[in-house]
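>>> sequence? don't have it. structure:
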Ligand SMILES: O=P(O)(O)OC[C@H]1O[C@](O)(CO)[C@@H](O)[C@@H]1O
């Protein structure tokens, strides 16, 4: 038997409840409030006002029991609540994987966007239920709820990839996504 086949999770059936959008056996659930998104929305005053007004939950990430460790393949369901901050759609913090590795997202419910940036080029994918968004190695990524109901998607990613949030704070993601008259309005990051 390979040394890798014994740690840390044995072959396991993970139940994906498509109605309640849960994974069982469940791992930790991460809750990100507005105050966790410091420095990410263009309008800092509007961001602070939302915190003062109750610090709403912007998104949750519910993981299965597979851990974020090297060679493992964790899964999680992210749900971003609908909302805007000074017109900018609510979104995940966004990160780069320090160990450049790919990742897939499967749209489950609601409508969203997958914004990717490689340091030069920006790509934006519309995400609806049954769309698989592919994030190639080396592309920082952020998800955005572009609808008026919660947007949920399943992520599957290499457990050793890591999350670099500083890179996104420093470089942005090339664009910002605002609520336009007829859908998402992508504006240059620095505008
Ligand atoms: O790490 P962030 O940018 O807060 O966003 C969370 C997202 O990242 C992941 O943890 C994995 O890339 C997803 O499960 C989740 O959608």
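Perfect, I can see it now. Please read all numbers here as calculations on a predicted model, not as lab measurements.
>>> which positions in the chain make contact with the ligand?
32, 61, 76, 78, 92-95, 103, 143, 155, 157, 163 (CB under 6 Å from any ligand atom). Every C-beta, even on glycine, is put in place using the N, C-alpha and C of the backbone.
>>> nearest to residue 134 among these?
Using CB to CB, residue 103 comes nearest to residue 134 of the residues of the chain next to the ligand, at 8.0 Å.
>>> against residue 10, how distant is the spatially closest residue to residue 158 that is not a sequence neighbour?
The spatially closest residue to residue 158, leaving aside those adjacent along the chain, is residue 101, at 4.5 Å (CB to CB, 6 or more residues apart in numbering). As for residue 101, its distance to residue 10 is 24 Å (criterion: CB to CB, to the nearest Å).
>>> and residue 96, by the same measure?
Between residue 96 and residue 10 the distance, using CB to CB, works out to 32 Å.
>>> compare the two and say which is more crowded by neighbours.
With neighbours defined as other CB atoms under 10 Å, residue 96 and residue 10 compare such that residue 96 has more, 23 against 7.
>>> my guess is the more buried one contacts residue 140. True?
Yes - in terms of CB atoms under 8 Å, residue 96 counts as a neighbour of residue 140; the distance is 4.0 Å.
>>> how close does residue 165 sit to residue 157?
Using CB to CB, one obtains 15 Å as the distance from residue 165 to residue 157.
>>> what of residue 140?
Applying CB to CB, one obtains 13 Å for the distance of residue 140 from residue 157.
>>> next one: residue 31
When distances are taken as CB to CB, residue 31 and residue 157 turn out to be 19 Å apart.
>>> compare neighbour counts for these two and give me the winner.
When residue 31 and residue 157 are compared for neighbours, residue 157 comes out ahead with 20 against 11, by other CB under 10 Å.
>>> spit out the contact partners of the more buried one.
73-74, 97, 101-104 (CB atoms under 8 Å, 6 or more residues apart in numbering).
>>> next one: residue 170
With contacts defined as CB under 8 Å, 6+ apart, residue 170 is in contact with no residue.
>>> mind doing that once more with 10 Å?
Neighbouring residues of residue 170 by CB atoms under 10 Å, 6 or more residues apart in numbering: 39, 96, 164.
>>> mind checking the SS state of it?
helix (DSSP: H, G, I helix; E, B strand; the rest coil).
>>> how near is it to residue 99?
18 Å.
>>> do residue 179 as well
With the distance defined as CB to CB, residue 179 ends up 35 Å from residue 99.
>>> more neighbours, the two?
Neighbours were counted for residue 179 and for residue 99 using other CB under 10 Å; residue 179 has more, 14 against 11.
>>> tell me which element the more buried one is part of?
Under DSSP states H and E, the secondary-structure element containing residue 179 is strand 175-180.
>>> shaky segments in the chain?
Within the chain, the set of residues satisfying pLDDT under 70 comprises 1-7, 191.
>>> sorry, back to before: list residues touching both of residue 96 and residue 140?
Taking CB under 10 Å, 6+ apart as the contact definition, residue 96 and residue 140 share the neighbouring residues 117-119, 164-165, 167-168, 171, 173.
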